[in-house]
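S.K.: coords please:
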Amino acid sequence: MPISKTLQEPLPRRRARKNPVRESRAQLIPGLMACTVGVLISFGIHTLLPSLPALTVAVVLGILCANLPRVRTPTAGSFRPGLDFAGKKLMRAGIVVLGLKLSIVDVWELGWATFAIIVGVVVLAFTGTYFLGKLFRLPGETPLLIAAGFSICGASAIGAMAAARRIRHTDTVMPVALVTLCGTLAIGVLPLLMGPLSLSPIQFGEWTGASVHDVGQVVATAQVAGSAALAAALVFKLTRVMLLAPIVFIAALATRRSARNQGVDAVSGQKPSSLPPLVPVFVIGFVAMIVIRSLGILSPGMLEIGSLLQDVLLGAALFGLGSAVSIRDLLSTGIRGSLVALLSWTLIATLGYGAVQLISL
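M.R.: Residues are numbered from 1 along each chain as shown. Okay, the predicted model is just below:
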């Protein structure tokens with residue numbers, strides 16, 4: 001064959017190498033776009049109906065997307081990677097930013113006696129809920145997740161505890177749905193009890209902050225009794241949120257010791273490739289944000305931006321978690337969990353009321 005003819009023949013095309021990192025990122029886009037739309041709608045509904053917290057609305061919208069016929073298929077299909085990413089990664093980012101709401105100065109002004117009473121409420125609620133979950137034989141680490149969510153700060157605490165204990169993302173779905181349901185129930189029920197229990201506005205705010213789960217739900221409940229009640233509720237609630245760091249640290253320490261002693265992962269039963277971190281990175285970030293807020297170096301405008309960012313991140317995370325909730329499965333397998341949740345809600349409301357009475361003495 002002549003050399004000139006050989007040179008004229010086209011060279012075989014090389015197959016373009018696929019970039020797995022780029023492909024995995026591209027798979028997140030549809031779900032993250034769905035989260036964005038869900039957050040925008042949640043904020044819109046909250047603007048029209050301020051009594052409905054945006055984060056609660058985000059969970060409900062996610063649940064609707066998982067169960068309505070026309071959107072159920074993409075939610076379980078092309079949207080799933082991005083929705084799971086939001087429920088796990090954006091939840092942790094939101095917990096970090098949540099630290100900007102907390103100031104050590106506010107807790108200091110409560111006094112040691114009041115602080116000790118709030119800690120007692122959290123510890124008793126956590127312990128009581130955990131044993132209720134065991135009594136009703138809830139599977140796996142569900143009792144621990146429900147205990148964290150109901151006693152500390154709702155879905156944020158569930159996400160933090162799941163990370164510390166290396167619990168699967170899918171196992172957080174039912175606890176998040178239950179804590180959202182009971183927190184929403186508190187918005188309607190607690191204000192009706194203010195009169196029969198003879199609570200002053202400030203006492204009602206303290207009770208709300210000591211017993212309602214999510215920060216947004218606390219605001220929606222306490223604002224009914226006025227600005228003084230809302231201020232008292234936020235101080236009590238954020239003091240409970242501050243306890244997230246030590247409780248997650250204890251959970252991570254227990255996981256680490258169990259993995260080291262048994263040579264297997266405490267949850268999955270498999271030999272871990274490495275021991276879990278003693279303090280998860282996002283918890284370090286959470287504490288760092290508390291310190292920054294306490295130093296007073298951030299302007300009110302910067303704090304407002306941080307608050308908005310926190311709501312956006314947690315709203316997207318809760319939308320993603322809600323989108324994994326099947327109402328049919330929840331009704332068929334979540335009856336015991338629902339009973340535990342209602343009993344836990346009653347327990348922490350009772351403990352919170354008792355705390356208010358002690359503080360008033």
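
S.K.: going forward, measure contacts and count neighbours with C-alpha atoms only.
M.R.: Will do.

S.K.: which residues in the stretch 201-350 of the chain form helices?
M.R.: For the stretch 201-350 of the chain, the helices defined by DSSP state H, counting those that start in this stretch cover 201-211, 215-222, 227-242, 244-262, 281-295, 300-322, 327-333, 335-360.

S.K.: closest to residue 30 out of the ones you listed?
M.R.: Among the helices of the stretch 201-350 of the chain, the nearest to residue 30 by Cα to Cα is helix 300-322 (12.0 Å).

S.K.: and the angle for the closest one with helix 215-222?
M.R.: 100 degrees (axes from the mean of the first three to the mean of the last three Cα atoms, to 10 degrees).

S.K.: Enumerate the positions of helix 300-322 that are buried.
M.R.: Within helix 300-322, the residues that qualify as buried are 306-307, 309-322, counting by 16 or more other Cα atoms under 10 Å.

S.K.: burial measure for residue 328, as a count.
M.R.: 10 (other Cα atoms under 10 Å).

S.K.: thinking residue 95 is in contact with residue 156, fair?
M.R.: Yes. Counting by Cα atoms under 8 Å, residue 95 touches residue 156, with 6.3 Å between them.

S.K.: buried set for stretch 228-240?
M.R.: Applying 16+ other Cα under 10 Å to stretch 228-240 flags 229, 230, 231, 232, 233, 234, 235, 236, 237, 238, 239, 240 as buried.

S.K.: Can you check which residues contact both of residue 95 and residue 156?
M.R.: Taking Cα atoms under 8 Å, 6 or more residues apart in numbering as the contact rule, residue 95 and residue 156 both touch residue 314.

S.K.: Just give the number of residues close to residue 101.
M.R.: Neighbour count for residue 101, taken as other Cα under 10 Å: 20.

S.K.: dump the residue contacts of it.
M.R.: 238, 290, 293, 303, 307.

S.K.: and the third one, how many residues sit next to it?
M.R.: Read that as residue 293. Residue 293 has 20 nearby residues by other Cα under 10 Å.

S.K.: least confident pick among the contacts of residue 101?
M.R.: Taking pLDDT as the measure, the contacts of residue 101 have their low point at residue 238 (87).

S.K.: Excluding chain neighbours, what is closest to that one?
M.R.: residue 102 (6.1 Å; Cα to Cα, 6 or more residues apart in numbering).

S.K.: Distance check, the one you found against residue 148.
M.R.: Computed with Cα to Cα, to the nearest Å, the distance linking residue 102 and residue 148 is 19 Å.

S.K.: Quick one: mean pLDDT over stretch 53-70.
M.R.: The model assigns stretch 53-70 a mean pLDDT of 89.

S.K.: Need the residues that contact that stretch.
M.R.: So stretch 53-70 is contacted by 38-39, 42-43, 45-46, 71-72, 75-76, 177, 180, 184, 216-217, 220, 311, 314-316, 318-327 (Cα under 8 Å, 6+ apart).

S.K.: Then stretch 147-155?
M.R.: With Cα under 8 Å, 6+ apart as the criterion, stretch 147-155 contacts 121-123, 125-130, 156-158, 161, 175-176, 179-180, 211-215, 240-241, 243-244, 318, 344-345, 348.

S.K.: Show me how far that stretch is from its chain's centre.
M.R.: 8 Å (Cα atoms, centre = their mean, to the nearest Å).

S.K.: Between the two ends of it, how far is it?
M.R.: Using Cα to Cα, the end-to-end distance of stretch 147-155 comes to 11 Å.

S.K.: Please point out which parts of it sit buried.
M.R.: By 16+ other Cα under 10 Å, the buried positions in stretch 147-155 come out as 147, 148, 149, 150, 151, 152, 153, 154, 155.

S.K.: can you check stretch 100-117 too?
M.R.: Buried, per 16+ other Cα under 10 Å, within stretch 100-117: 100, 101, 102, 103, 107, 114, 115, 117.

S.K.: correct me, but the residue nearest to residue 238 touches residue 287?
M.R.: No. Checked against Cα under 8 Å, the pair residue 102 and residue 287 is beyond contact range at 9.4 Å.

S.K.: Helices of the stretch 51-200 of the chain, start to end?
M.R.: Under the criterion DSSP H, counting those that start in this stretch, the stretch 51-200 of the chain contains helices at 54-67, 69-76, 80-85, 91-98, 104-110, 112-135, 142-148, 155-164, 173-193.

S.K.: Okay, buried residues for the longest one please.
M.R.: Think helix 112-135. 114-115, 117-119, 121-130, 132-134.

S.K.: Next: the second one.
M.R.: For helix 69-76, burial by neighbour count (16+ other Cα under 10 Å) applies to 72, 75, 76.

S.K.: same thing with the third one?
M.R.: Of the residues in helix 80-85, 80, 81, 82, 83, 84, 85 count as buried by neighbour count, 16+ other Cα under 10 Å.

S.K.: could you point out the longest helix in the protein?
M.R.: Secondary structure of the chain per DSSP state H: the longest helix is helix 20-48.

S.K.: and it, what does it pack onto?
M.R.: helix 54-67, helix 80-85, helix 300-322 (3 or more Cα pairs under 8 Å, 6 or more residues apart in numbering; DSSP states H and E).

S.K.: so how far is the second one off the chain centroid?
M.R.: Between the mean C-alpha point of helix 80-85 and the mean C-alpha point of its chain there is a distance of 16 Å (Cα atoms, centre = their mean).

S.K.: got it, and the last one?
M.R.: Mean C-alpha position of helix 300-322 versus that of the full chain (Cα atoms, centre = their mean) differs by 11 Å.

S.K.: who's in contact with residue 80?
M.R.: 31, 74.

S.K.: Would you list the phi and psi of residue 165?
M.R.: phi -100, psi 0 (degrees, to the nearest 10).

S.K.: do the same with residue 103
M.R.: Dihedral angles for residue 103 - degrees, to the nearest 10 - are phi -130, psi 130.
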